[in-house]
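>>> I would like to see how this sequence folds:
(one chain, ligands or ions: 1)
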Amino acid sequence: MADRDGFIWFDGKLVPWREAQIHVLTHSLHYGLSVFEGERAYKTDKGPAIFRLKEHTDRLFNSAHIYRMAMPYTREQITEACCDVVRANKLDSCYIRPIAFYGSEKMGVSPKGAATHVAIAAWPWGAYLGEDGLQKGIRVKTSSYARHHVNVTMARAKFAATYANSILANMEATQDGYDEALLLDVDGFVAEGAGENLFIVKDGAIYEPEIASALVGITRATIISLARDMGLEVKSKRLTRDDIYIADEAFFTGTAAEVTPVRELDNRTIGAGTRGPITEELQKRYFDVVYGRNEKYEHWLTRV
Ligand SMILES: Cc1[nH+]cc(COP(=O)(O)O)c(CN[C@@H](CCC(=O)O)C(=O)O)c1O
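Down below sits the predicted model:
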């Protein structure tokens, strides 16, 4: 990822991609505390638009607040910088990664005395779990690793060290031939995917796991709104892994994953073993919204 043309916004200015470097004694590299976001811009008929940029920026600042990281820029500056990065790299559809991290000003567990640095990169990124996955669904394995207890890592923050847990789960699943991992919480109830939220459909109703130890996804919130447009309320409940086995449909949501059907969990076929009809309709509505084809949600698009 380091050797490419382009520009990265780094500590207030656009720098050539290859020059966006940090020192090996960067505090966040050693102690894992950086907060970040994953955003997408989509090509609409009026040009590129970043989807729900306000919500992503708010979550970035909330994550920093939760982990007591002072942000050296305002929300408005970060919002504008995300737009600048898309423009500077002449991208019309892309994935955008803002990150705030402690620098190399000091070592030692305490970040006191380390400065907060901010970088924002953008790059083209297709279907996170594969085009085939979007159409036909993916195979998922319940992980042997549990999601963190809510007093181990802060579930309302999107912060780097959480992803060591996700990496373990994802590697375990993919090395055994599955596409992604599903994590249970410390009590054994369904939490979320390694990088996604989960929904199921049963008897025409949509359910999601209680969100306690999962990231409160922005795509999740979008799907809840789009389901309401279809006259469907999403019910939140404690779901067990076998609730998923006997569901009629299941799907992951995320900025990167978008709306990816889950056709199998732990070698149990879910429903007809492919993208279900409600999943398909929600997926279609989601893409209509992000590509600017649904006027009702124009306010969710920040035109670059
Ligand atoms: C653990 C987790 N749960 C739920 C979500 C969905 O959140 P939202 O994007 O706000 O709907 C994500 C985003 N996962 C990022 C993974 C990308 C990456 O691999 O890095 C993403 O979708 O950007 C998570 O990482």
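>>> all contacts plus neighbour counts: C-alpha atoms, from now on.
Will do.
>>> buried ones in the worst-scoring helix or strand of the chain on mean pLDDT?
Using mean pLDDT, DSSP states H and E, helix 131-136 stands out as the lowest-scoring helix or strand of the chain, at a mean of 96. Using 16 or more other C-alpha atoms under 10 Å as the test for burial, helix 131-136 gives 133, 134, 135, 136.
>>> what about the very next helix or strand once past that helix, near the ligand?
Per DSSP states H and E, helix 131-136 leads on to strand 138-146 as the next helix or strand towards the C-terminus. No - if you take C-alpha under 6 Å from any ligand atom as the test, strand 138-146 misses the ligand, and the best it gets is 12.2 Å.
>>> Give me the residues contacting the helix or strand just after strand 138-146.
Later in the chain than strand 138-146, the nearest helix or strand by DSSP H and E is helix 162-175. Applying C-alpha atoms under 8 Å, 6 or more residues apart in numbering, the contact partners of helix 162-175 are 140-145, 147-148, 153, 179-183, 194-195.
>>> Could I have the buried ones of those as ChimeraX selection syntax?
Here is the ChimeraX selection string for the buried members of the contacts of helix 162-175, based on 16+ other C-alpha under 10 Å:
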select :140,141,142,143,145,147,148,153,179,180,181,182,183,194,195
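>>> With respect to residue 279, which of the contacts of helix 162-175 is nearest?
Taking C-alpha to C-alpha as the measure, residue 279 sits nearest to residue 140 out of the contacts of helix 162-175, at 16.4 Å.
>>> contacting residues for the closest one?
173, 178, 179, 180, 181, 182, 262, 263, 264, 265, 266.
>>> Could you give the bridge partners of it?
residue 180, residue 265 (DSSP bridges).
>>> before we move on, what about residue 206?
Applying DSSP bridges, one finds that residue 206 bridges with residue 201, residue 234.
>>> Quick one: list the elements packing against the least confident helix or strand of the chain.
Under the contact definition 3 or more C-alpha pairs under 8 Å, 6 or more residues apart in numbering; DSSP states H and E, helix 131-136 sits against strand 258-265.
>>> With just CA atoms, put the strand it packs on into CSV.
In CSV, the C-alpha atoms belonging to strand 258-265 read as follows (Å, rounded to 0.1, in the frame of the first residue of the first chain):
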residue,chain,number,x,y,z
GLU,A,258,-21.8,-3.0,2.3
VAL,A,259,-24.7,-5.5,2.5
THR,A,260,-23.2,-9.0,2.1
PRO,A,261,-25.6,-12.0,2.4
VAL,A,262,-24.5,-14.9,4.6
ARG,A,263,-25.5,-18.2,3.1
GLU,A,264,-24.0,-20.6,5.6
LEU,A,265,-22.8,-20.5,9.2
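>>> Cheers, nothing more for now.
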